[in-house]
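1. structure for this input, please:
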Amino acid sequence: MTAHKPGDPTTLNRLYGRSSGHKLRKGQQALVERLLPQLEVPQDGDVTAAALFGEDRPLHFEIGFGGGEHLADRADMLPDHGFIGCEPFLNGVATVLGHIRDKHLANVRLWRGDALEVLRRVPDGALSFVYLLHPDPWPKARHAKRRMVNDGPVDLIAAKLKAGGELRIATDHPVYLEWTLMVMASHGGQFEWLARTPSDFLNPPGGWMETRYGAKSRREGRRPYYLRYRRR
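-> Next up, the predicted model:
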């Protein structure tokens, strides 16, 4: 376990991890060049539903959407809601653009880069849901400060969620699970853990769209854990 404890003034001030992988296919490159500029979150100004979608509507925020299957499926399920997806990895952005095109989604906006940069520009109390699904666990103790679940980011998420809004976290890594439970317990004044029985965090709840990584985890014999926290 890391030497950091909940309550330390630990903040995540920069994003760690790679930004690109294998070379994009021709079709993917075309999506990045043509579709992404139409869907990008503006570089400055308040990030509101009205600014992004032209009207007030429930707003969802996904931190690190990977291949974007969860983001696209949730947006398809809730067409009258607005979705912001943040992902630094270019290949993931290209993949989600394909989902958005194929599903004809008009309610998704994207940010290629650090999610916290955008989250800071969201007005307090504006979000209905925040998703953090299978983040990099940074399992070594010396890297604990790099984990997205840390006091600084959790405080920021709490500020941006409306009362009754929900933070959803998924992980299949036991170190990250233990760390998350410890950090979130220290924020009990801000969040209520919604689990009442083991099945509440061992199985995905209704409306929880499984990510590609989550499905892979199950196939390889690892158990994903599903944590839901309500903003008090």
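2. setting aside sequence neighbours, what's the nearest residue to Ala94?
-> If the residues on either side of it in the chain are set aside, Ala94 comes closest to Gln28, at 3.9 Å by C-beta to C-beta, 6 or more residues apart in numbering. In this view, the C-beta of every residue, glycine as well, is placed from N, C-alpha and C.
3. after the host helix or strand of that neighbour, next one along is what?
-> Assigned by DSSP states H and E, Gln28 belongs to helix 26-34. Downstream of helix 26-34, the first helix or strand assigned by DSSP H and E is helix 36-39.
4. now that following helix: buried residues?
-> By neighbour count with 16 or more other C-beta atoms under 10 Å, helix 36-39 contains the buried residues 36, 39.
5. quick one on the thing from earlier: how far does the helix holding Gln28 sit from its chain's centre?
-> Distance of helix 26-34 from its chain centroid, counting by C-alpha atoms, centre = their mean, to the nearest Å, is 24 Å.
6. so which residues make contact with whichever strand in the chain runs longest?
-> In the chain, assigned by DSSP state E, the strand with the most residues is strand 161-171. Residues from elsewhere that reach strand 161-171 (C-beta atoms under 8 Å, 6 or more residues apart in numbering): 125-135, 137, 149, 157, 177, 180, 191, 194, 208, 211, 214, 224-232.
7. may I see the buried residues of that strand?
-> Buried residues in strand 161-171 (16+ other C-beta under 10 Å): 161, 165-171.
8. now for those, which pair is the farthest apart?
-> Pairwise distances across those peak at 20.4 Å for Gly165 and Thr171 (criterion: C-beta to C-beta).
9. list the buried residues of the one helix or strand Phe201 maps to.
-> Using DSSP H and E, Phe201 maps to helix 199-202. Buried residues in helix 199-202, counting neighbours by 16+ other C-beta under 10 Å, are found at Phe201.
10. need the next SSE after it, C-terminal direction.
-> helix 212-219.
11. for this structure, longest helix please?
-> Criterion DSSP state H: the longest helix present in the chain is helix 90-103.
12. residues in contact with that helix?
-> Helix 90-103 is contacted from outside by 19-22, 24, 27-29, 31-32, 35-36, 39, 65-69, 71-72, 75-76, 85, 87, 105, 108, 110, 112, using C-beta under 8 Å, 6+ apart.
13. same question for stretch 69-86.
-> Residues contacting stretch 69-86 (C-beta under 8 Å, 6+ apart): 41, 47, 49, 52-53, 57-65, 68, 96, 99-100, 103, 105-115, 118-119, 128, 131, 133, 207, 209-212.
14. for Arg147, give me its contacts.
-> Contacts of Arg147 (C-beta under 8 Å, 6+ apart): 12, 135-138, 176, 179.
15. just give me the closest of those to Ser199.
-> Tyr176 (20.6 Å).
16. can you show me the strands along this protein?
-> Using DSSP E, strands in the chain cover 59-63, 82-86, 108-111, 127-133, 161-171, 191-193, 225-231.
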